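# I need the structure of the sequence given here:
(one chain, ligands or ions: 3)
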Amino acid sequence: MFHYVGIAMTEKSNVEFSEREALFFHATGRPGKIEIIASKPMATQRDLSLAYSPGVAVPVRAIAEDPATAYDYTAKGNLVAVISNGTAILGLGNLGALASKPVMEGKAVLFKRFADVDSIDIELKTEDVDRFIDAVELMEPSFGGINLEDIKAPECFVIETTLKERMNIPVFHDDQHGTAIIAAAGVINAALLTGRDMKDMKVVVNGAGAASISCTELIKALGVPNENVIMCDSKGVIYQGRTEGMNQWKSAHAVKTDARTLTEAVKGADVFLGLSVAGAMSQDMVKSMAANPIIFAMANPDPEILPPDAHAVRPDAIVATGRSDFPNQVNNVLGFPFIFRGALDVRATGINEAMKLAAAKAIADLAREQVPEEVAKAYGRSHSFGPDYIIPAPFDPRLMEVVPAAVAQAAMDTGVAQKPIADMAAYRDSLKARLNPTTSVLTSAYELAKANPKRVVFAEAEEEVVLRAAIQFRELGYGIPVLVGRDHVRDKLKELGVRDPDSFELHNSVNSPLVPEMVDLLYARLQRRGYLRRDCERMVNRDRNIFGSLLVKMGVADAMISGVTRPYGQTLREVKRVMDPAAGRTPFGIHVMVTKDKTVFLADTTVHERPSASELADIAEGTVAVARRMGHDPRVAFLSYSNFGNPPGAFLDNVRDAVKLLDQRDVDFEYEGEMTPDAALNPTVMKNYPFSRLSGPANVLVMPGLQSANISAKLLRELGGTSMIGPVLVGMEKSVQIATMSSNASELLTLAVLAAGGIAL
Ligand SMILES: NC(=O)C1=CN([C@@H]2O[C@H](COP(=O)(O)OP(=O)(O)OC[C@H]3O[C@@H](n4cnc5c(N)ncnc54)[C@H](OP(=O)(O)O)[C@@H]3O)[C@@H](O)[C@H]2O)C=CC1
Ligand SMILES: CC(=O)C(=O)O
Ligand SMILES: [Mg+2]
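Ligands and ions are numbered 1, 2, ... in the order given. The predicted structure follows:
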């Protein structure tokens, strides 16, 4: 018997799957969700000698002499154990250590996916607190941190406190503190939206276990008075004097109240925090809450009440759950990967209150900022701060930038950082680069753009994706966006969360005083190419690429970006009506292909169908200049299907002649060809050609024609897990970047930065 887990209602879950699918997902391919891969080559005898006996003895002795070097010679510093005994698996209860393994594997892969923390799950078959503590303590040498998970209260409190005392690496019970941090961030924002002050809020917490106790402590630390919080457990309200089912952690939150049931407690409450079991809250209870109630039904996988059921009786409620398929996911996944990232990076001895509060504040602040387009897309709905978006979504890449940095700073401020970070700005950049290899490739472009902010025309500002890129371009300090579009672009800016849309420079050909001068200029250029004055008037008035290019030509702006509304070739033709190639240059396109450890520049991927020998030589020189501006030492390979004339073929001449031309030009970079991609990139194959002038694998690949160039770039991306920057257009008199029609905002932003930073000239 298989059921559908998604919920079919008007305000429905946006993810539906059957139990069969969930099992299939876990069983297909390699069973489970985790595997281990080597971070060093294990290909040759020499590799084995270094990695294992005898080479491994060297780091062994070094660590024995100085234990701190374990962080240099082993994976310890980036390795976190996710440890459970399965006594409180999500909200499913005590189902044992083995049954907890899918959740623990899941947590381990979330560590990797969201914060590049390596992690392994460990399930311990014991409910004996002392045996559990001893087992974990003995593992200290292996790990940089310990993430305790799904261990029930009150045992979890004793386990965590004791391990923290005994171990010198961070020990963190995620269900307590991870949950509390995220819930606190959500409460901060929900209070802000509903105009509430912490000190006046009446809160009911359902559940008195690991998650509830810690959440309650944190919201009290944020200013909610002790007497304003009523906690309930499976026996009802925890009131002063109650004896049944109590423990010291519950007693600390017992209050004087006549309420004895959740139904009584929740009457008139401002906030409900559910950390108990599915369905614990009824619609009648929701009805009885104060105006604009805040309801966090966080039990997993099924919440205390489903959002549609709560909204059916109280449309004014702000509702959050622990699930990713409804708006407002208040789940510790938003916290633990990033908190450990920050703690590991400063080699913190523990995760203290200041670090937790810093994380909560960073997460809350982030939700109030404009949401990047890729995040909105990943979730299939647009986000802006409001009742349906009080907390960032886990896929938001900005979490990785801000949360670890906030945690690391707090660790340094409170003296628990053994390896403080000297340059916080550089650390933030390195965080971005950890998840996205293109970030580090673009560092010099970002810096160049920021150092000398330029005015960049966004020619298609009526497109939302372009406006998002323009907003980020300005907010991140890369330059001044000059928008081209009709007046309603300002309304769109407002919809996207810009508070001061009038501060954006907007040019509309319908009312621009620049139009007469533009028409004169264009007519002067085109009159001997068969265009009448009225043709030029029409183009200036109607064609955004002509209008935008003219803004650059006239010096109103320095560069331009376009391309999402028309095919590449058409946009380029329009731009060329206004602008010329740079003196003596051949315009062409580059795709920069980036993997974790390699960056390769591929050209010409956009302009010349069958480049001549001299065009190929120009393309090589132009690409070398771009590669150098991006911080690379270029080595050029002219690619073909043959190596140095073997096998011979009719199409080889241009490529061979291009190499000869470079010989005559006396250039200052390494180049070679014609050659096959393996001879250009693979050191073993390269050895077959000892006369080759390349001192190492090539990183600038000049392709023989447009077909092979463009197809290679896209194949690499689709099959090879390679990130791609571009196409980058170079060789025009001013930097104009033409995106592809499917570009997203971050791709457009990258091109705008390349244009502004003078990289793509
Ligand atoms: N969204 C998120 O990020 C997270 C959500 N959670 C969820 O919180 C819940 C609790 O987890 P955790 O604290 O680790 O587990 P614990 O076992 O430590 O605590 C469970 C608590 O729930 C109480 N409880 C059980 N049934 C009811 C009921 N009908 N009414 C009121 N209280 C009840 C128990 O009461 P008693 O003490 O009387 O036994 C106990 O206090 C789970 O559903 C879990 O999925 C947990 C962590 C993170
Ligand atoms: C999310 C989580 O950790 C839990 O529900 O237990
Ligand atoms: Mg948990």
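
# which SSE is immediately downstream of the lowest-mean-pLDDT helix or strand in the chain?
Within the chain, no helix or strand scores below helix 373-379, which has a mean of 62 by mean pLDDT, DSSP states H and E. Per DSSP states H and E, the first helix or strand lying C-terminal to helix 373-379 is helix 398-413.

# helix or strand right after that following helix?
In N-to-C order, the element after helix 398-413 by DSSP H and E is helix 424-435.

# buried sites along that following helix?
427-434 (16 or more other C-beta atoms under 10 Å). Where C-beta positions appear, they are placed from N, C-alpha and C, glycine not excepted.

# format the residues you listed as TSV; extra columns: pLDDT and distance to ligand 3.
Below are the buried residues of helix 424-435 laid out as TSV (pLDDT from 0 to 100; distance: C-beta to the ion, whole Å):
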residue	pLDDT	distance to ligand 3
427	94	29
428	91	29
429	83	32
430	88	29
431	91	25
432	82	28
433	77	30
434	82	25
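
# I figured residue 265 hits residue 237, correct?
Yes. Between residue 265 and residue 237 there is a contact under C-beta atoms under 8 Å: 5.3 Å.

# higher neighbour count, those two?
Neighbour count, other C-beta atoms under 10 Å: between residue 265 and residue 237, residue 265 has more, with 27 against 20.

# intersection of neighbour lists for residue 265 and residue 237?
230, 257, 259 (C-beta atoms under 8 Å, 6 or more residues apart in numbering).

# ok, which residues in the stretch 51-200 of the chain are in contact with ligand 1?
Residues of the stretch 51-200 of the chain lying close to ligand 1 (C-beta under 6 Å from any ligand atom) are 88, 90-91, 152-153, 175, 179.

# neighbour-wise, give me the winner out of those residues.
Result: residue 179 is most packed of these (other C-beta under 10 Å), 27 neighbours.

# quick one: that residue is in a helix?
Yes. Membership of residue 179 in a helix is supported by DSSP: H, G, I helix; E, B strand; the rest coil.

# and which of the shared contacts of residue 265 and residue 237 is nearest residue 242?
Closest to residue 242 out of the shared contacts of residue 265 and residue 237 is residue 257 (10.5 Å), distances taken as C-beta to C-beta.

# so what's the closest one up against?
Contacts of residue 257 (C-beta under 8 Å, 6+ apart): 230, 237, 239, 265.

# repeat for residue 158
Counting by C-beta under 8 Å, 6+ apart, residue 158 touches 129, 133.

# and it, how close does it get to residue 656?
Computed as C-beta to C-beta, to the nearest Å, the residue 158 to residue 656 distance reads 76 Å.

# how about residue 542?
Between residue 542 and residue 656 the distance, using C-beta to C-beta, works out to 47 Å.

# more neighbours: those two, which one.
residue 656 (18 against 10).

# let me see the contact set for the more buried one.
With C-beta under 8 Å, 6+ apart, residue 656 has these contacts: 645, 673-674.

# could you flag which of the residues you listed are buried?
Of these, these count as buried by 16+ other C-beta under 10 Å: 673-674.

# about what we covered before: can you redo the contacts of residue 257 as a markdown table with distance to residue 637 and secondary structure?
Output for those, formatted as a markdown table (distance: C-beta to C-beta, whole Å; DSSP: H, G, I helix; E, B strand; the rest coil):
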| residue | distance to residue 637 | secondary structure |
| --- | --- | --- |
| 230 | 72 | strand |
| 237 | 75 | strand |
| 239 | 78 | strand |
| 265 | 73 | helix |
